[in-house]
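1. Would you be able to build a 3D model of this:
(chains A, B, C and D)
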2 protein chains.
Amino acid sequence: MITEPGFVDDYLAYLLARASHLISSEFHAVVEASGLSLMEWRVMASLSGKDSLSVGELADIVLAKQPTVTKLVGRMEEAGWVQRCDAPHDKRQSLVSLTPAGRRKVKPLLAQAQAHEAQVTADIGAPEVDQLKRILERMIALRG
Amino acid sequence: MITEPGFVDDYLAYLLARASHLISSEFHAVVEASGLSLMEWRVMASLSGKDSLSVGELADIVLAKQPTVTKLVGRMEEAGWVQRCDAPHDKRQSLVSLTPAGRRKVKPLLAQAQAHEAQVTADIGAPEVDQLKRILERMIALRG
DNA sequence: ACAGTTTATATGAATATTCATGTAAATTCA
DNA sequence: TGAATTTACATGAATATTCATATAAACTGT
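-> From the prediction side, this is the model:
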């Protein structure tokens, strides 16, 4: 089933959505194979850099609404991948961090993600990917 | 609440997701003001080019699963914006098309979408947007 | 210090999406 | 041709997301 032309959604918006969906979907297969959803992977990947993130910060990063993240984190907490604790100086905040089990779970995926990006780069061309990244970063910086 | 660095999701994948979300969100405000959801807008924008599209084609274009689109189209049919009819030579297919009311509804949005893209282009720079589009098209063509 | 406001998260009800599967039409090939 | 397979869409149950709102903590100005 091939379909391409005609769609608008601002065209640029559509190209971005389509390319984003494409790349994420490819890696989605890898993520699901390890028993995580795409959102769970995003949360864990985000946390694997930092020591902890608040629910609000996570929502911003993973591009989801706050109640969605609250419940997502709740499920991940039950699964034993993350833990919550109240922020020391602002007890409204709920700081989310990876558990040791979560860290073990996400570690191989981080490597596979890099491998996937390397594959995409090999297919598209390193200069193009660099240009692409620069422009996207500029868009995000200017308008985000 | 500012958050940026650290996230991975393959990094390129994240930049794409973030930029896509950003641009779509901006226009989302316009879409919602006219009483449509983002998905409804995508469906109607897709249909406004073509005479009709099958449910499967729509699902592919709007980046959603088939049952999602079946139900989305069902709601839009009730709202009077689209209509379904069986395909003449393949009665399994359900061809979706805009009603006159749907056409009237989407028409101003198509213009506003163009205006939005023009604004983004003005902000980011026309050459950058052209490059961006070319690279995205290449990605989609190569891997889609 | 306190009343009013804002901010961060949680929660319940409403809504939307997805998975698994069902149905029916088209296609394949022996 | 016709049985087996595949394809397209629909549907019900399960799940996830979202909206509206509640709660509680942090600020603000007096």
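
2. helix/strand/coil for the closest residue to DNA strand C within chain A?
-> Nearest residue of chain A to DNA strand C (Cβ to the nearest atom of the strand) works out as A:Gly56 at 2.5 Å. The way it works is simple: take the backbone N, C-alpha and C, and place the C-beta from them, glycine included. For A:Gly56, the secondary structure call by DSSP: H, G, I helix; E, B strand; the rest coil comes out as helix.

3. For chain A, give me the ranges with low pLDDT.
-> Residues of chain A meeting the criterion pLDDT under 70: A:1-10.

4. For chain A, what lies in contact range of DNA strand D?
-> A:1, A:37, A:39, A:64-65, A:67-68, A:71-72, A:75, A:89-92 (Cβ under 7 Å from any atom of the strand).

5. rewinding a little: give me the distance between the residue of chain A closest to DNA strand C and A:Gly144.
-> 16 Å (Cβ to Cβ, to the nearest Å).

6. swap in A:Ala118?
-> 26 Å.

7. One more: A:Asp90?
-> 24 Å.

8. So between these two, which is more surrounded?
-> Remark: of A:Asp90 and A:Gly144, A:Gly144 carries more neighbours, 14 against 10, as counted by other Cβ atoms under 10 Å in any protein chain shown.

9. That one and B:Arg18 touch, don't they?
-> Yes - in this structure, A:Gly144 is within contact of B:Arg18 by Cβ atoms under 8 Å, at 7.2 Å.

10. now the longest helix belonging to chain A, how far from the chain's geometric center?
-> Secondary structure assigned by DSSP state H gives helix A:100-124 as the longest helix of chain A. Offset of helix A:100-124 from its chain centre (Cα atoms, centre = their mean, to the nearest Å): 12 Å.

11. likewise stretch A:49-68?
-> Going by Cα atoms, centre = their mean, where stretch A:49-68 is centred and where its chain is centred differ by 10 Å.

12. buried ones in that stretch?
-> A:50, A:52-64 (16 or more other Cβ atoms under 10 Å in any protein chain shown).

13. Report how many residues lie close to A:Glu32.
-> Quick note: A:Glu32 (other Cβ under 10 Å) scores 12 neighbours.

14. Please state the offset of the helix or strand containing it from the chain centre?
-> Under the criterion of DSSP states H and E, A:Glu32 resides in helix A:12-33. Relative to its parent chain, helix A:12-33 has a centroid offset of 11 Å by Cα atoms, centre = their mean.

15. My read is that A:Ser94 contacts A:Ala87, right?
-> Yes - using Cβ under 8 Å, A:Ser94 is in contact with A:Ala87, at 7.4 Å.

16. who's in contact with the nearest residue to A:His28 once chain neighbours are set aside?
-> Closest residue to A:His28 apart from its sequence neighbours, by Cβ to Cβ, 6 or more residues apart in numbering or on different chains: A:Leu38 at 5.4 Å. By Cβ atoms under 8 Å, 6 or more residues apart in numbering or on different chains, the residues touching A:Leu38 are A:24, A:28, A:31.

17. Now do the contacts for the closest residue to the first one other than its chain neighbours.
-> When you say that, I think you mean A:Ser24. Distances taken as Cβ to Cβ, 6+ apart put B:Ala13 closest to A:Ser24, at 5.5 Å, once the chain neighbours are dropped. B:Ala13 makes contact with A:20, A:23-24, A:27, A:113, A:116-117, according to Cβ under 8 Å, 6+ apart.

18. Looking at those, which one is closest to B:Arg103?
-> A:Ser20 (29.0 Å; Cβ to Cβ).

19. thinking again about what came up before, ok, then the element right after the helix holding A:Glu32?
-> helix A:38-49.

20. any idea of the angle that following helix forms with helix A:100-124?
-> Relative orientation of helix A:38-49 and helix A:100-124, computed by axes from the mean of the first three to the mean of the last three Cα atoms, to 10 degrees: 100 degrees.

21. Helix A:38-49 near DNA strand C at all?
-> No - counting by Cβ under 7 Å from any atom of the strand, no contacts exist between helix A:38-49 and DNA strand C, the nearest distance being 9.4 Å.

22. In that helix, which of the residues would be classed as buried?
-> A:38-48.

23. can you check stretch A:86-105 too?
-> Quick answer for stretch A:86-105 (16+ other Cβ under 10 Å): A:93-96, A:98-99, A:102, A:105.

24. which residues are in contact with it?
-> So stretch A:86-105 is in contact with A:34, A:36, A:43-44, A:47-48, A:51-56, A:58, A:73, A:76, A:80-85, A:106, going by Cβ under 8 Å, 6+ apart.

25. Appreciated, that's everything.
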